[in-house]
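Asks: Show me the folded form of this:
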Amino acid sequence: MAKTQYILITILVVAVVLGIAIYLYTAHSVKQVEKAPQRSSIVIRIGGATAPMYQIEKWISILEKRYPNITVIYDAVGSGKGIAGFLEGIYDIALHDPPMPTQQWEEAYRKYGPLLECPDVGGAVVLIYNIPGISGTLNLTGEIIANIFIGKIRNWCNKEILRYNKGLIKTCKDHHYYIPIIPVVRREASGTTFIFVTYLTIVSNTFRKIMRIQYSKRGPMAYFRPDWSSIWREYAHTIAYGIYASGNYGIASTVKRTPGSIGYVEWSYAIFSNLNMARILNRYGNFVYPSYRNIVEAFENAAEILRKEKFNPLGDLWKEKIFEKILNPPGNDSYPIIFFSHLTVKLYYKNPLKAIAVYRFLSVVWSMNNTYVRGYIPVPKSIRSICLSTFIRYARVDNRSLTSFIGITKNS
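Replies: Take a look at the predicted model:
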């Protein structure tokens, strides 16, 4: 009996000890779980311009690899829809080629408070052409381009064109000095058209007068989609002078299959599609081919202009006419038809995780130097530095500086 009691007592003691050990282990594990940081997933929605699409996708892949808790959804719906979605609260970041028009910028400011509007990538608009038999690269001045597109010059054998293109003379002789020009223009409203048209107003007095009249009737939309038919009726005496096409692809494919045609597309598209690109006369009187080096030089000189103008990403860039100031920049080898694609973000947030995620994305856009996809031009470092430092300085989460949250969640 004594032996049985001893066994029972031993079993009871062991059970108690095991119970205590299990309790302590479980309690310790629970505390460890409670202390472990919980990675919260946060989604950023970006919508707008298609021009920087491949570059934006590259940056998104870098961001999501570096911060797995951040997911970015990018809708390449065009500049106009991107701005509209930003105003409706659908998008955290709006992408648009030209700056946001003043009316929409003011609406966004009233709704969200201070905004940051800055370049994300640089690009160029190039002239592509199809002239069978031409020897060498086509040379064009700004005045000639304007006169071609309005219909004042309708023949590739025009003496002004031949003056700069000796490689056309033999072909013109073979065609009895008459090769009809067929301009190809965008059917829909387009940021590429906006840049191209703005450039023509700078280099051509005639085109400037035309657009002044169209702007008085239709506002900014006139620059995104000019009334080419009315222009051709006046100068070419026929509305059937040119051809309408949709998008970069539409213009490129139309030019490829139409002898005598000329059109305008974004440089990145021309590079990917191996299209014939013209050399354009720049401010210093040199015909410049749209090479990577020449476009980069143009942007560096444009950045110096903006520095002297005291570039302010908190202001209304449309009203400041930033897009005009950088066109036709100085420099011996500067390519003249350049543009920035832009993004707009809010500076006031309620959710710190959203604010930090947006900051992470902007850091990738403006801090990394060697992540540019072929066909895209880096925004000059001086401009990128201003953009990122301004966001860090002015971004707020419930009236608290974003820097305090970044410090707390440094490793998030």
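
Asks: So the spatially most central residue of the chain versus T192, what's the distance?
Replies: Nearest to the geometric centre of the chain sits S341, at 2.9 Å (CA atoms, centre = their mean). Distance of S341 to T192, computed by CB to CB, to the nearest Å: 11 Å. For every residue, glycine as well, the C-beta is placed using N, CA and C.

Asks: anything in contact with each of these two?
Replies: A51, D97 (CB atoms under 8 Å, 6 or more residues apart in numbering).

Asks: show me the contacts for V125.
Replies: Contacts of V125 by CB under 8 Å, 6+ apart are T192, I195, F196, Y199, Y264, V265, E266, W267, I337, I338, F339.

Asks: closest to G113 among the residues you listed?
Replies: F339 (27.8 Å; CB to CB).

Asks: one step back: tell me the SS of the residue nearest to the centre of the chain?
Replies: strand (DSSP: H, G, I helix; E, B strand; the rest coil).

Asks: Tell me the confidence at it?
Replies: Looking at S341, its pLDDT is 93.

Asks: what sits opposite it in the beta ladder?
Replies: V121 (DSSP bridges).

Asks: Phi first, then psi, for the nearest residue to D316 once chain neighbours are set aside.
Replies: In space, and not counting its chain neighbours, D316 is closest to W105: 5.0 Å by CB to CB, 6 or more residues apart in numbering. For W105, the backbone dihedrals (degrees, to the nearest 10) come out as phi -60, psi -40.

Asks: Adjust the sequence numbering to begin at 32 for everything that follows.
Replies: Shifting the count to begin at 32 puts that one at W136.

Asks: Run a quick neighbour tally on W136.
Replies: Neighbourhood size, W136 [other CB atoms under 10 Å]: 20.

Asks: surely it meets P145?
Replies: No: in this structure, W136 is not within contact of P145 by CB atoms under 8 Å, at 11.4 Å.

Asks: Name the residues that touch stretch 416-436?
Replies: Residues contacting stretch 416-436 (CB under 8 Å, 6+ apart): 145, 147, 149-150, 342, 344-345, 376, 378-383, 386-387, 390, 393-394, 397-398, 410.

Asks: Let's see the distance spanning it from one end to the other.
Replies: 21 Å (CA to CA, to the nearest Å).

Asks: same question, stretch 166-184
Replies: 21 Å.

Asks: May I see the buried residues of that stretch?
Replies: 169-184 (16 or more other CB atoms under 10 Å).

Asks: What lies in contact with the one helix or strand A334 maps to?
Replies: A334 is located in helix 323-339, with elements delineated by DSSP states H and E. For helix 323-339, the surrounding residues in contact (CB under 8 Å, 6+ apart) are 153, 155, 298, 319, 353, 356-357, 360-362, 364-367, 369, 408-411, 413-414.

Asks: Emit the ChimeraX select command for whichever of the residues you listed are buried.
Replies: This is how ChimeraX selects the buried members of those, with burial counted by 16+ other CB under 10 Å:
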select :153,155,298,319,353,356,357,360,362,364,365,366,367,369,408,409,410,411,414
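
Asks: Let's see which of the contacts of helix 323-339 end up in helices.
Replies: W298, I353, K356, I357, S413, I414 (DSSP state H).

Asks: Next, give me the two most distant ones among those.
Replies: Farthest apart among the ones in helices among the contacts of helix 323-339 - using CB to CB - are W298 and S413, which lie 22.0 Å from each other.

Asks: what sits against P290?
Replies: N161, I162, P163.

Asks: how far away is it from G281?
Replies: 18 Å.

Asks: now I336
Replies: With CB to CB as the criterion, I336 and G281 are 33 Å apart.

Asks: and what of E335?
Replies: For E335 relative to G281 (CB to CB), the value is 36 Å.

Asks: neighbour count winner among these two?
Replies: The neighbour count for E335 versus G281, taken as other CB under 10 Å, is higher for G281 (18 against 15).

Asks: For L171, give the beta-bridge partners.
Replies: According to DSSP bridges, beta-bridge pairing links L171 with I311.

Asks: can you map out the strands along the stretch 232-381 of the chain?
Replies: 274-276, 292-297, 310-312, 318-319, 369-377, 379-380 (DSSP state E, counting those that start in this stretch).

Asks: Now do the helix holding A334: distance to the chain's middle.
Replies: 16 Å (CA atoms, centre = their mean, to the nearest Å).

Asks: Emit the PyMOL select command for whichever of the contacts of stretch 416-436 are buried.
Replies: In PyMOL syntax, the buried subset of the contacts of stretch 416-436 is picked out as below (16+ other CB under 10 Å):
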select buried, resi 147+149+150+342+344+376+378+380+383+386+387+390+393+394+397+410
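
Asks: Where does C418 sit, in terms of helix or strand?
Replies: Going by DSSP H and E, C418 is in helix 412-425.

Asks: how big is the angle separating that helix from strand 369-377?
Replies: 10 degrees (axes from the mean of the first three to the mean of the last three CA atoms, to 10 degrees).

Asks: What are the buried residues along helix 412-425?
Replies: So helix 412-425, judged by 16+ other CB under 10 Å, has buried residues I414, R415, I417, C418, L419, T421, F422, Y425.
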